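# The sequence and its predicted three-dimensional model are supplied below.
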Amino acid sequence: MKAVYIMWLRQLKRYWRSRGRMIGFLGQPILFLIALGFGFGPIYKAAGGGDYIQFIAPGIIAMTALFSGMFSGMEVVWDKQFGFLKETLVAPVSRVSIMVGKTLGGATVATIQGIIVFIVCLIIGFRPMNLIYLPMAFVFLFLIAFLFTALATAVASKLEDMQAFPVIMNFIIMPLFFLSGALFPLNNFPRPIYIVSKFNPLSYGVNGLRMTLTEVIKFGAVFDFLILLILSGLIVAIGSYLFSNVEV
Amino acid sequence: MNKEKIIEVKSLSKKFDSFTAVDNISFEVEKGSVFAFLGPNGAGKTTTIRMLTTLLKPTKGSIKVNGFDPVSEKNNVRNSFGIVFQDPSLDNELTAYENLVFHSVLYHVPKEMRKERIDSMIKFVGLFDRKDDYIKTFSGGMKRRLEIARGLIHHPKILFLDEPTLGLDPQTRNHVWNYIKELNKKERMTVFFTTHYMEEAEKMADRIAIIDHGKIVKIGTGKELKKETKTDSLEMAFLKLTGHEIRDDESTTKKERMRITGKMWGTR
């Protein structure tokens, strides 16, 4: 437990100390929010979709959690290159606590980033439907962050250097993002793509976040919650296994 | 004389694809002794340490560290040693003190003893006035000293040192070795170190293994090695046993490349 705590604390300290870089990472979601929100807003409205900012804000918040989570995971590769991972790996602590500690740290950072974007959304006119659901929205935000930090951490345990990062970005993260319903509704997609999106864990995150922020909660939210939770547990287990086999 | 063995290695080999880094080596280290692995670059010193410290799975052979197997009883092995790696392994974005706290927590140093131990170690390596500075502001020698302090903080039974004094000035080298020797005598801490400084091996080690191309060429005390090779200095013995040809160090060049990429990415 202590091991998990100290690894979590380290991530948070590093986050706090590299604020500049972290603010840089907010640039992208905020750009998406403003460019797409105001750019497509009138078209969306004309097509009868309502207020596009209301639609897109949960998607962009989820995107922030996805991207920061992924990046936190990738920091494992830096730790490997700069030797710090060795120090962690020779320590007499279980690999599960290493995996959980790293993931919790990254997920906390990603959640904070998500909350900052949420605040930016409020500033440009986003209004949550029901404030009572807000804590549940944050739970969803955290789950998205946790799931994708865990995924990236597990993947990173297998990577030797950052060269693979652009590949992962383009072939995992971007497709996950575009096929999640974050920017546009998925029901109008051709059938095959729609089916693919059903296998995208981020779809459930976006859906859960959107429901808790802008709609009336339906049973679907519980389903989303369970999917995210089960997948997170699964990936933590796989990641712990991978960490027990890392050779540095 | 106590002949209890704390490290036992039998026919150990490690292959990377077709390259054999460690080739069927066997040796034993007595509890409470200082043991040196002496060899040129790329001889297999670091690979052996990585296998002893659970970081790498052997291809063949068996190892016992403090009575435990690094493959099947990893945690027990990890509880038995402290290590100073060849390459830096500190977190640059944390302070010296925070790095040591991180270590003490992972190594289960009780909370009430933590501050005292960290303070005394950090004073010992002469970095007390810099304890709240970030590692990224430290020089190479300071990092090394801090890593040595870190390796000792949990009072390990065995201390692994992979070229520990690389980049240290003679004063610090002397200071650090005196302390390690003292712990070695007082607490019977076993020391296993690699080096390519002959005089360091000769002066500090009770026994020396000369390793080259993954094989142990000779094991013995400094005296024995000189006698057997009929040379009058360990350096001559070393050259006689390992030849004069110059080796490249592949492993570090790859790491260097990664570090440069890292800098380009602007991280740390």
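Good, I have the coordinates.

# Walking through chain B, point out its helices one by one.
Secondary structure of chain B (DSSP state H): helices at B:45-52, B:74-78, B:96-106, B:111-124, B:140-152, B:170-186, B:198-204, B:222-229, B:234-242, B:250-264.

# right, is the shortest one up against chain A?
Yes. Part of helix B:74-78 sits close enough to chain A to count as contact by CB under 8 Å from any CB of the partner chain, namely B:74-75, B:78. To be clear about C-beta, it is placed using only N, CA and C from the backbone, and glycine gets the same treatment.

# Which member of those is positioned nearest chain A?
Lowest distance from chain A to the residues of helix B:74-78 next to chain A (CB to the nearest CB) belongs to B:Arg78, with 3.9 Å.

# neighbours of the closest one, just the number please.
Counted by other CB atoms under 10 Å in any protein chain shown, the residues lying close to B:Arg78 total 22.

# mind listing what it touches?
A:90-92, B:53-54 (CB atoms under 8 Å, 6 or more residues apart in numbering or on different chains).

# go again using 7 Å as the cut-off
B:Arg78 is in contact with A:90-92, B:54, counting by CB atoms under 7 Å, 6 or more residues apart in numbering or on different chains.

# Nearest to A:Ser244 among these?
Checking the contacts of B:Arg78 against A:Ser244 with CB to CB, the nearest one is B:Thr54 at 10.0 Å.

# Return the residues in contact with the closest one.
B:Thr54 neighbours (CB under 7 Å, 6+ apart): A:90, B:70, B:74, B:77-78.

# could you redo the residues you listed as JSON lines and give each row pLDDT and distance to B:Leu166?
Putting the contacts of B:Thr54 into JSON lines (pLDDT from 0 to 100; distance: CB to CB, whole Å) gives the following:
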{"residue": "A:Val90", "pLDDT": "94", "distance to B:Leu166": "19"}
{"residue": "B:Pro70", "pLDDT": "94", "distance to B:Leu166": "25"}
{"residue": "B:Lys74", "pLDDT": "94", "distance to B:Leu166": "28"}
{"residue": "B:Val77", "pLDDT": "96", "distance to B:Leu166": "25"}
{"residue": "B:Arg78", "pLDDT": "95", "distance to B:Leu166": "24"}
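
# Pick the one among those closest to B:Thr195.
A:Val90 (20.2 Å).

# If we ignore the residues flanking it in sequence, what's nearest B:Trp177?
Using CB to CB, 6 or more residues apart in numbering or on different chains and skipping residues adjacent in sequence, the residue nearest B:Trp177 is B:Met204, 6.0 Å away.

# Distance check, that neighbour against A:Ala152.
44 Å (CB to CB, to the nearest Å).

# More neighbours: which of these two?
Comparing B:Met204 with A:Ala152 by other CB under 10 Å, the one with more neighbours is A:Ala152, at 32 against 22.

# need the next SSE after whichever strand or helix holds the more buried one, C-terminal direction.
Taking DSSP states H and E as the definition, A:Ala152 sits inside helix A:134-156. Using DSSP H and E, the helix or strand that follows helix A:134-156 towards the C-terminus is helix A:165-168.

# contacting residues around that next one?
A:74, A:155.

# ok, and for it, which residues are buried?
Within helix A:165-168, the residues that qualify as buried are A:165, A:168, counting by 16 or more other CB atoms under 10 Å in any protein chain shown.

# average pLDDT across that helix?
Across helix A:165-168, pLDDT averages out at 82.

# ok, and the closest non-adjacent residue to B:Phe35?
B:Val29 is the one closest to B:Phe35 (CB to CB, 6+ apart), at 4.5 Å.

# The one you found touches B:Ile7, doesn't it?
Yes. Counting by CB atoms under 7 Å, B:Ile7 is a contact partner of B:Val29 at 3.9 Å.

# Assign A:Gly125 to helix, strand or coil.
coil (DSSP: H, G, I helix; E, B strand; the rest coil).

# Can you name the residues in contact with stretch B:193-205?
Residues contacting stretch B:193-205 (CB under 7 Å, 6+ apart): B:34-40, B:45-46, B:49, B:161-165, B:177, B:208, B:222, B:234-235, B:238.

# can you give me the strands in chain A?
Under the criterion DSSP state E, chain A contains no strands.

# what residue ranges in it score low on pLDDT?
Applying pLDDT under 70 to chain A flags no residue at all.

# Now do the end-to-end distance for stretch B:221-234.
10 Å (CA to CA, to the nearest Å).

# List the buried residues in that stretch.
For stretch B:221-234, by 16+ other CB under 10 Å, it's B:222, B:225-226, B:229, B:231, B:234.

# any idea what sits nearest the residue positioned nearest the centre of chain A, other than its immediate chain neighbours?
Geometric centre of chain A, nearest residue: A:Leu66, 2.4 Å, by CA atoms, centre = their mean. Leaving aside its sequence neighbours, A:Leu66 sits nearest to A:Phe148 (CB to CB, 6+ apart; 5.1 Å).

# So the one you found sits against A:Gly69, correct?
Yes. In this structure, A:Phe148 is within contact of A:Gly69 by CB under 7 Å, at 3.7 Å.

# what about those two, which has more around it?
Neighbour count, other CB under 10 Å: between A:Phe148 and A:Gly69, A:Phe148 has more, with 32 against 29.

# Number of residues surrounding residue 125?
You didn't say which chain, so I picked chain A. By other CB under 10 Å, neighbour count at A:Gly125 equals 13.

# that answer is for a different chain, and I need it for chain B
Neighbour tally, B:Val125, other CB under 10 Å: 21.

# Just give the nearest non-adjacent residue to it, would you?
Nearest non-adjacent residue to B:Val125 (CB to CB, 6+ apart): B:Arg145, at 4.0 Å.

# Please give me every residue in contact with that neighbour.
Here B:Arg145 is in contact with B:125-127, B:172 (CB under 7 Å, 6+ apart).

# Can I get the helix holding A:Ala152 in PDB, CA atoms only?
C-alpha atoms of helix A:134-156 as PDB (Å, rounded to 0.1, in the frame of the first residue of the first chain):
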ATOM      1  CA  LEU A 134     -21.600  16.000 -11.300                       C
ATOM      2  CA  PRO A 135     -19.800  13.700  -8.800                       C
ATOM      3  CA  MET A 136     -20.800  10.700 -11.000                       C
ATOM      4  CA  ALA A 137     -19.500  12.500 -14.000                       C
ATOM      5  CA  PHE A 138     -16.100  12.800 -12.200                       C
ATOM      6  CA  VAL A 139     -16.200   9.100 -11.500                       C
ATOM      7  CA  PHE A 140     -16.600   8.500 -15.200                       C
ATOM      8  CA  LEU A 141     -13.800  10.900 -15.900                       C
ATOM      9  CA  PHE A 142     -11.500   9.100 -13.500                       C
ATOM     10  CA  LEU A 143     -12.400   5.700 -14.900                       C
ATOM     11  CA  ILE A 144     -11.600   6.800 -18.400                       C
ATOM     12  CA  ALA A 145      -8.300   8.200 -17.200                       C
ATOM     13  CA  PHE A 146      -7.500   5.100 -15.200                       C
ATOM     14  CA  LEU A 147      -8.400   2.700 -18.000                       C
ATOM     15  CA  PHE A 148      -6.200   4.400 -20.600                       C
ATOM     16  CA  THR A 149      -3.300   5.200 -18.300                       C
ATOM     17  CA  ALA A 150      -3.300   1.500 -17.400                       C
ATOM     18  CA  LEU A 151      -3.400   0.500 -21.100                       C
ATOM     19  CA  ALA A 152      -0.500   2.800 -21.900                       C
ATOM     20  CA  THR A 153       1.500   1.700 -18.900                       C
ATOM     21  CA  ALA A 154       1.000  -1.900 -19.900                       C
ATOM     22  CA  VAL A 155       2.000  -1.200 -23.500                       C
ATOM     23  CA  ALA A 156       5.000   1.000 -22.400                       C
END
